[in-house]
Every structure is written in C-alpha cells, then in structure tokens.
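Participant: quick one, fold the following:
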Amino acid sequence: MIENLLHAAALVLTVKVLVALFCGVLIGYFVGAMPGLTSSIGMALLIPFTFGLDPIPAIVMLVSIYMASDYAGGIPAILVNAPGQPASAVTAFDGFPMCNQGKSGLALNLAIMASGAGALISLVLLVISAQLMAAAALAFGPAEYFALAIVGLSLIGVLSAGSTLKAIIGLLFGLTVVTIGIDPIRGTERFVVHPYLIDGIPFLPALIGLFALSEVFVMIETANDRIDRVRHASSASHSLRTLVPYRRTVLRSSLIGYFIGVIPGAGASIASLVSYGVAKKLSPTGASFGTGNPEGIIASEAANNASVSGALAPLLSLGIPGSASAAVLIGGLTIQGLQPGPLLFADNPEIPFSIFMGLLVGLPVMLLIGLFGARLWVQITRIPRPVIATVVASICMLGSYAASNDTFEMMITAVFGVIGYVLRRCDIHPAPIVLALVLGEMLEANLRRAMILANDNFLSVISHPITAVLILVSILVLASPLLGRKSAVA
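Facilitator: Next up, the predicted model:
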C-alpha cells in the first residue's frame with residue numbers, strides 16, 4: 001500500500017494534475033455555494049471537458065469538485081439561510097442564527113475547519129478500510145434500509161427545537177408530500193394532479209423553497225429590524241481554539257459521516273441529520289441547538305464532508321456508487337476506459353491511489369481558500385436586507401431552474417416558499433419536513449420490498465439481526481426524552 005501511495009504522490013504532484021485539482025476546487029466552491037447546483041450537477045457539467053485530459057488529472061479534478069462543493073454549500077446556508085447543497089440545510093440550523101448574532105466569520109471558519117477535519121479523518125478510514133467497509137455495506141437489504149430510515153425519523157425528538165407536536169405535524173406533512181407520484185412498487189400513479197408531478201415533488205426545489213425562499217419573505221417582513229453586523233471575520237487561530245473543545249464531536253461526526261456514506265443511497269443529507277441529532281442528544285448544551293450553537297455547525301459539516309470519502313469506498317471497491325455524485329464519477333471513470341470495482345485495484349492501482357492522494361493534496365487547498373475567503377464572504381452581512389432578499393430570491397429561482405431546465409420546478413419553489421413561510425409563522429421548523437422528504441421514499445419502498453420477501457410477515461422483517469439492532473436504537477432515541485424528563489422530576 002505504501003508503495004502505491006508513493007507512486008500516486010509522484011503522479012499527482014505534477015503541474016498538470018495540480019492545475020486540474022486547483023480548478024476543481026474553485027469550481028466546487030462556485031457550484032456548492034449556488035443553491036440548486038449540487039455537486040453531482042457540477043461534476044456532470046464538467047465531464048465533457050475531461051474528454052481530452054489524461055485519466056489522472058481528469059479524475060482528480062472531478063473528485064476535487066465533489067469535495068469542495070460539499071463544504072461550500074455551508075457558505076450561503078450560514079450567511080443567508082439558503083443551503084447550497086441539500087446536506088447544508090442542517091448547517092443552517094445553527095449557522096444562520098450565529099450570523100444574525102454577528103458571528104458569521106466565526107461560523108464560516110468553524111465550518112471550514114470541521115469540514116477539513118472530517119475530510120481528513122474519513123480519508124484515513126477510506127485508505128485503510130475501503131474494501132472491508134464496502135463488503136459490510138452489502139449486508140444491507142430492504143429490511144435494513146427500512147430500519148435505517150426508522151432511526152433517521154426517530155431523530156425528530158432531538159431535532160425539534162420547540163414543540164414536539166409541531167415537529168410531528170411537520171414530519172407528517174413531509175411524509176404526505178413524498179406519497180405524490182409513482183408508487184415505488186406497483187408503478188401506479190398516486191395523487192398526480194398535474195402531469196409534471198408523475199415523478200413526485202422534486203426535492204431540490206422543495207428544499208430551496210422551504211429554507212431559502214421562505215427566509216426571503218421573513219427578510220422582507222423584518223427589513224426594518226436592527227440586527228448585529230459582523231465587522232470582521234474571526235481569525236483562523238481564534239476559530240481553531242474554539243474548535244478544540246469540540247474535538248470529540250468532530251471525531252464522532254466524522255465516523256458517523258463515513259459509515260453512513262459507505263451505505264449506498266444514504267448520502268450526506270442523512271449523515272448530517274444523524275450526526276446533528278446525536279450531537280444534540282449528547283451535548284450538555286443540547287437545548288441551545290438551533291439558536292446558534294457552534295457544535296451544531298461542527299457536527300453537520302464534519303459528517304457532511306466525511307461522507308464524501310465514505311461514498312467513494314463502495315465505488316472504488318465494488319463499483320457501487322454511494323451517492324449521486326459518486327454515480328457521476330463512475331461515468332467519468334468509464335469515459336476514461338476504466339471500470340470501477342475490485343479489478344480497478346488489480347489492473348489500475350494508480351487510479352484509486354491517485355484519488356486518495358488527490359483528496360489529501362486538495363484538502364489544504366480547500367482549507368486555505370475557505371479561511372482566506374471568509375473575510376470576503378462575511379461582507380454579505382453588511383448588505384441591506386431588501387437587497388439580499390432580492391438577490392437570494394433570484395438565486396433561488398435560477399437554482400431551481402438550473403436543476404432540470406424546467407420552469408415547473410420554479411413554481412414548486414414558489415409554492416414551498418409560501419408553505420415554508422406559513423409554517424414558520426406557526427412556529428413549525430422546516431427540519432422535520434426535510435427529514436421526511438429525505439427518508440420517506442426509503443422508508444416506504446424498502447418496507448414494502450422487505451414485506452414481499454418475507455411473505456407479508458412483519459415479524460420476519462424486523463427479526464433480521466441488523467434490522468433488530470437499528471430498530472432498538474430508534475426506540476431508545478424516541479424514549480430518551482421521556483426518560484430524561486422522569487429523571488429530572490425525580
């Protein structure tokens with residue numbers, strides 16, 4: 001392994017590959033910070049430009065886009081509550097309140113440092129255990145995926161900042177929205193009141209509407225309210241000192257992000273949600289999550305970026321993409337005449353090890369750009385709210401349209417923006433709705449597949465060892481608030 005890493009280092013540390021890596025990081029920052037443009041879209045747009053490149057610079061550039069865009073999504077999430085990536089919605093829970101408190105510079109620096117730490121820890125895990133982790137992921141069948149979704153939904157108790165009843169209302173609303181479209185098993189239409197809804201409610205436009213556009217309405221409503229404006233960004237050394245007390249959170253969130261990233265289809269959104277929920281549950285200041293707690297940003301960003309390396313593990317070892325972006329990367333490899341899977345390590349070991357080295361070399365580049373750029377990005381907070389509202393609304397609509405070049409998705413964003421604003425006025429946070437939108441389809445489809453395989457015997461479904469353990473975990477998560485109240489009363 002050491003010999004392969006040294007050979008890969010010699011291949012990556014060339015002018016051509018380093019230029020490709022730097023360009024990939026810059027493009028990743030732009031793509032990630034633009035709501036509606038996901039890392040998979042950015043990579044897909046760049047694949048045609050890799051035709052004329054050699055395999056290593058082409059793949060390193062695509063991986064750099066993947067890595068940088070997952071961090072950059074937190075920039076607009078913190079500054080204007082408009083998540084650039086779906087997983088960055090969790091970062092906005094505490095990042096935007098910190099921005100309103102005049103701590104946007106600190107929030108941005110904590111986000112980039114937590115991202116860098118999560119990426120580094122997960123990269124070490126990727127190099128050491130890629131094949132072992134990918135093999136373990138094969139043990140997940142429909143029953144296990146159903147149980148994983150149950151665990152995610154059980155986090156509603158820790159994600160709800162206020163009334164649990166209102167959080168349940170938001171969760172049920174999200175699960176209802178997921179039922180629109182084609183039945184995942186029978187293939188029949190459900191609640192399709194418009195032909196464009198045959199594929200269901202598109203996730204990205206709904207997410208942009210719930211978070212970003214609803215925030216635009218709030219900005220307009222509170223245009224004359226006074227808020228604290230940051231005068232300068234916190235220094236990197238100050239932010240690092242702030243990060244040190246949360247080193248356990250960084251390590252725990254990185255492990256959660258990596259392990260969830262390994263599971264094909266789970267993705268960064270689930271990793272961020274689970275990590276945030278666990279951090280809130282275990283933190284002594286958990287009650288302040290959602291009001292500007294730095295630990296919330298750290299938990300979300302560390303898990304978010306750690307899931308990148310996790311998603312690459314099954315891709316490189318088995319040819320199974322762990323995320324949509326990893327699936328696009330398979331296309332990039334195929335175009336170069338490479339077939340991801342076990343034979344890739346045997347026939348072309350320089351490719352996976354060059355990816356490892358590309359992530360390692362690209363990490364400090366991403367960190368430096370993030371830290372030096374924080375002083376520039378915080379200036380957004382000095383712009384008057386009506387101007388920001390106009391720009392954010394335009395970006396929301398542009399991002400929704402860019403996702404599929406369809407004006408219908410702009411309408412979805414507008415509708416969910418109004419819904420999000422009304423729910424905010426009713427003190428219902430968008431987080432439970434996002435949780436349901438992310439996990440709803442996984443929950444239903446895998447439960448029904450598992451029931452078919454078990455001849456409609458639900459006890460047989462939940463008797464699978466991994467499934468039983470996951471369901472037990474979800475029961476403990478749901479019961480823990482009640483146990484906490486009883487102990488407090490006692």
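Participant: max-length helix in the protein?
Facilitator: Among the segments of the chain that qualify as a helix by DSSP state H, the longest is helix 104-137.
Participant: in that one, which residues are buried?
Facilitator: 104-123, 125-127, 129-130, 133-134, 136-137 (16 or more other Cβ atoms under 10 Å). Every residue, glycine included, has its C-beta placed from N, CA and C.
Participant: repeat for stretch 440-453
Facilitator: By 16+ other Cβ under 10 Å, the buried positions in stretch 440-453 come out as 440, 441, 442, 443, 444, 445, 446, 447, 448, 449, 450, 451.
Participant: any chance of the residues you listed in a markdown table, plus distance to residue 179?
Facilitator: A markdown table is the format used below for the buried residues of stretch 440-453 (distance: Cβ to Cβ, whole Å):
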| residue | distance to residue 179 |
| --- | --- |
| 440 | 8 |
| 441 | 9 |
| 442 | 14 |
| 443 | 11 |
| 444 | 8 |
| 445 | 12 |
| 446 | 15 |
| 447 | 13 |
| 448 | 13 |
| 449 | 17 |
| 450 | 19 |
| 451 | 17 |
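Participant: list just the nearest of these to residue 362.
Facilitator: The closest of those to residue 362 turns out to be residue 442 (Cβ to Cβ; 30.8 Å).
Participant: the helix or strand where residue 268 lies: what's the following helix or strand?
Facilitator: Here residue 268 is covered by helix 267-282, with elements defined by DSSP states H and E. As assigned by DSSP H and E, the chain's next helix or strand after helix 267-282 is helix 294-318.
Participant: what's the angle from that next one to helix 267-282?
Facilitator: Taking axes from the mean of the first three to the mean of the last three Cα atoms, to 10 degrees, one finds helix 294-318 and helix 267-282 inclined to each other by 140 degrees.
Participant: now the helix or strand encompassing residue 208 - C-alpha only, CSV.
Facilitator: Per DSSP H and E, residue 208 falls inside helix 203-208. As requested, C-alpha coordinates have been extracted for helix 203-208 and formatted as CSV (Å, rounded to 0.1, in the frame of the first residue of the first chain):
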residue,chain,number,x,y,z
PHE,A,203,-36.5,17.5,-3.7
LEU,A,204,-34.2,20.4,-4.5
PRO,A,205,-36.9,23.0,-5.5
ALA,A,206,-38.9,22.0,-2.4
LEU,A,207,-35.8,22.4,-0.2
ILE,A,208,-34.9,25.7,-1.7
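Participant: can you redo the buried residues of stretch 440-453 as JSON lines with secondary structure and distance to residue 476?
Facilitator: Output for the buried residues of stretch 440-453, formatted as JSON lines (DSSP: H, G, I helix; E, B strand; the rest coil; distance: Cβ to Cβ, whole Å):
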{"residue": "440", "secondary structure": "helix", "distance to residue 476": "22"}
{"residue": "441", "secondary structure": "helix", "distance to residue 476": "25"}
{"residue": "442", "secondary structure": "helix", "distance to residue 476": "21"}
{"residue": "443", "secondary structure": "helix", "distance to residue 476": "19"}
{"residue": "444", "secondary structure": "helix", "distance to residue 476": "24"}
{"residue": "445", "secondary structure": "helix", "distance to residue 476": "25"}
{"residue": "446", "secondary structure": "helix", "distance to residue 476": "21"}
{"residue": "447", "secondary structure": "helix", "distance to residue 476": "21"}
{"residue": "448", "secondary structure": "helix", "distance to residue 476": "26"}
{"residue": "449", "secondary structure": "helix", "distance to residue 476": "26"}
{"residue": "450", "secondary structure": "helix", "distance to residue 476": "22"}
{"residue": "451", "secondary structure": "helix", "distance to residue 476": "25"}
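Participant: pick the one among those residues closest to residue 216.
Facilitator: Among these, residue 440 lies closest to residue 216 (Cβ to Cβ), at 26.0 Å.
Participant: so how far is residue 447 from the closest one?
Facilitator: 11 Å (Cβ to Cβ, to the nearest Å).
Participant: CA atoms only for the helix holding residue 268, dumped as PDB, please.
Facilitator: This file holds the C-alpha atoms of helix 267-282, laid out as PDB (Å, rounded to 0.1, in the frame of the first residue of the first chain):
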ATOM      1  CA  GLY A 267     -25.800  10.200   1.400                       C
ATOM      2  CA  ALA A 268     -24.600  13.300   3.000                       C
ATOM      3  CA  SER A 269     -28.000  14.600   4.000                       C
ATOM      4  CA  ILE A 270     -28.800  11.600   6.200                       C
ATOM      5  CA  ALA A 271     -25.200  11.700   7.600                       C
ATOM      6  CA  SER A 272     -25.600  15.400   8.600                       C
ATOM      7  CA  LEU A 273     -29.100  14.800  10.100                       C
ATOM      8  CA  VAL A 274     -28.000  11.800  12.100                       C
ATOM      9  CA  SER A 275     -24.700  13.500  13.300                       C
ATOM     10  CA  TYR A 276     -26.600  16.600  14.300                       C
ATOM     11  CA  GLY A 277     -29.200  14.600  16.200                       C
ATOM     12  CA  VAL A 278     -26.600  12.600  18.000                       C
ATOM     13  CA  ALA A 279     -24.600  15.700  18.900                       C
ATOM     14  CA  LYS A 280     -27.600  17.500  20.200                       C
ATOM     15  CA  LYS A 281     -28.500  14.500  22.300                       C
ATOM     16  CA  LEU A 282     -25.100  14.000  23.800                       C
END
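Participant: average pLDDT for that helix?
Facilitator: Across helix 267-282, the average pLDDT comes to 85.
Participant: now do that helix: distance to the chain's middle.
Facilitator: Taking Cα atoms, centre = their mean, to the nearest Å, one finds helix 267-282 lying 10 Å from the centre of the chain it belongs to.
Participant: also stretch 298-317?
Facilitator: 9 Å.
Participant: what mean pLDDT does that stretch get?
Facilitator: pLDDT averaged over stretch 298-317 gives 85.
Participant: what residues are up against residue 117?
Facilitator: Contacts for residue 117 were tallied using Cβ atoms under 8 Å, 6 or more residues apart in numbering; they are 243, 250, 254, 302.
Participant: again with residue 408
Facilitator: Going by Cβ under 8 Å, 6+ apart, residue 408 touches residue 196.
Participant: so for the helix holding residue 208, mean pLDDT?
Facilitator: What helix 203-208 shows for mean pLDDT is 77.
Participant: what comes into contact with that helix?
Facilitator: Contacting residues not belonging to helix 203-208 are listed as 35-36, 38, 82-83, 86, 89, 177, 396, 399-400, 403, 409-410, 412-413, 416, 434, 437-438 [Cβ under 8 Å, 6+ apart].
Participant: tell me which element residue 388 falls in.
Facilitator: Element membership for residue 388, per DSSP H and E: helix 385-404.
Participant: closest to the centroid, which residue in this protein?
Facilitator: Note on the chain: the residue nearest the mean C-alpha position is residue 87, at 2.3 Å, using Cα atoms, centre = their mean.
Participant: the nearest residue to it once chain neighbours are set aside and residue 391, how far apart?
Facilitator: Distances taken as Cβ to Cβ, 6 or more residues apart in numbering place residue 268 nearest to residue 87, at 3.7 Å, with adjacent residues excluded. Residue 268 sits 26 Å away from residue 391, going by Cβ to Cβ.
Participant: and these two? Which one has more around it.
Facilitator: More crowded of residue 268 and residue 391, by other Cβ atoms under 10 Å: residue 268, with 31 against 15.
Participant: residue 152 belongs to a helix?
Facilitator: Yes. Assessed with DSSP: H, G, I helix; E, B strand; the rest coil, residue 152 lies in a helix.
Participant: that one reaches residue 440, doesn't it?
Facilitator: No. Between residue 152 and residue 440 there is no contact under Cβ atoms under 8 Å: 10.1 Å.
Participant: the contacts of residue 117 in helices, which ones?
Facilitator: Per DSSP H, these map to helices at 243, 250, 254, 302.
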